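Asks: With the sequence up front, the predicted model follows.
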Amino acid sequence: MQVSSEMITVVSGRNDRYKLNWADVYGIDFSMLEKMGYEPDEGEFPNENNAKESIIFGYEMPYQFTDTKKHGQAAFTYRQQLSDGSFTKPFVEPVGETIKIGINNTKKPNQDGSYSYGGRGYEYKLTGTTILKQDSQWETPYSVFIDISVAKQIIEDYNRLNNVKNSKTPEYSQVKIICNDINSVDGVQKAVEEMGFSASSMAQVRNQMQGELGVIQLILGGLAAISLLVAAISITNTMIMSIYERTKEIGIMKVLGCFIGNIRLTFLMEAGLIGLLGGIIGTLISYGISIIMNSFAGSMFSEMLGIYTEGGSSQVSIIPLWLVLLALIFSTVIGLISGFYPANRAVKISALEAIRNE
């Protein structure tokens, strides 16, 4: 539930000169904060005993307090990282601070076309308990959260103070639904939309990204298939040339009584080793490209998608161990298949003709 910024004025309880320049104030059930993915950066979440006296700030909100006795840039502070890794201090550090929310009187027009508000008719004194950690949720940076029952009371007091007649029952600005299973998201979203409400979810973003990645995978799959065909032909050609160069050796093995199956196995093993060696080299190259992508493109994708990790960037390329093992097995099998024709050709060479070969 959102409380309009026109209804209230938020100031520091320690000194009224520090006032929030603006604020998106949301009424929320504090017991659901962790389930909704919020994490405290400073302080701790309110409990059932102090929920109604608590107020929570997004990580950018402390820097929205302005000094009403100063003008220009001096009246503002900005969140900037210093050389030692710390950040500049705001005028008000809200954790443990008393924060006063005053309900405005009806706005009055000024001569210059702007509006001013009367004195605060009602006032709530809350205590700052938490600053939220930076995350991917769009509300987190520039929002203030209070208990939902307090938000309802503020709206009722504003209507009473300003003689708002026929006021509607307070409405929820948004509702978040938590699904136990990611596979249920699409069905829940569809059910909500059928009820006449607009709904959005990360599943939409995921489906869109999967569609785009599907096209990319098709293109890359086509290039990989061509590369695989060329590699298979190269292995076959290499083995055929090896047979031509070792024709006399093959004849000697046959004269000495070597089994045909052993001769075939020798060339198949060589072809398989060529495929395995290619797979190992390809895996090492893939790991190198993955490291480069995560180093240079990870931070860019973190900012675009709003994904934040302890390292400061997200991993855009992940190569699991099972995929490495599968790639090595696959490359070895391709080598064996490519060497099957040359191996059969080797065992069909006449022993006498092979010995005479120079």
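Replies: Happy to help now that I have it. All values derive from a computational prediction rather than experimental measurement. Numbers count the residues shown, from 1 in each chain.
Asks: Low-confidence ranges, the stretch 51-200 of the chain, go.
Replies: Counting by pLDDT under 70, the stretch 51-200 of the chain shows low-confidence ranges at 106-121, 136, 138, 166-170.
Asks: Would you map the strands across it?
Replies: 54-57, 65-67, 98-103, 108-109, 115-116, 122-132, 143-147 (DSSP state E, counting those that start in this stretch).
Asks: Pick the most deeply packed of those strands.
Replies: strand 54-57 (a mean of 26; mean count of other C-beta atoms under 10 Å). Yep, even glycine has a C-beta here, placed from its N, CA and C like the rest.
Asks: counting contacts, what elements does it pack onto?
Replies: Judged by 3 or more C-beta pairs under 8 Å, 6 or more residues apart in numbering; DSSP states H and E, the packing partners of strand 54-57 are strand 122-132, strand 143-147.
Asks: between the longest one and strand 143-147, how many degrees?
Replies: It stands for strand 122-132. 120 degrees (axes from the mean of the first three to the mean of the last three C-alpha atoms, to 10 degrees).
Asks: and the gap between the residue nearest to Ile318 when sequence neighbours are not counted and Gln73?
Replies: Distance criterion C-beta to C-beta, 6 or more residues apart in numbering; nearest residue to Ile318, sequence neighbours excluded, is Ser290 at 7.5 Å. From Ser290 over to Gln73 the distance is 44 Å, taken as C-beta to C-beta, to the nearest Å.
Asks: Using a markdown table, please lay out the helices and strands packed on strand 54-57 together with distance to Ile337.
Replies: Formatted as a markdown table, these follow (distance: least, C-beta to C-beta, whole Å):
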| stretch | distance to Ile337 |
| --- | --- |
| strand 122-132 | 57 |
| strand 143-147 | 60 |
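Asks: and Leu161, which of those strands is closest to it?
Replies: For Leu161, the closest of the helices and strands packed on strand 54-57 is strand 122-132, at 6.4 Å, according to C-beta to C-beta.
Asks: Report the contact partners of Glu60.
Replies: The contact partners of Glu60, taken as C-beta atoms under 8 Å, 6 or more residues apart in numbering, are Arg79, Pro141, Tyr142.
Asks: do Val3 as well
Replies: Contacts of Val3 by C-beta under 8 Å, 6+ apart are Val25, Tyr26, Gly27, Ile146, Ala151, Ile154, Ile155.
Asks: Most neighbours of all those, which one?
Replies: Greatest neighbour count in the contacts of Val3, by other C-beta atoms under 10 Å, goes to Ile146: 27 neighbours.
Asks: Need the pLDDT of Ile292.
Replies: Here the pLDDT value assigned to Ile292 is 83.
Asks: How far off centre is stretch 82-91?
Replies: 26 Å (C-alpha atoms, centre = their mean, to the nearest Å).
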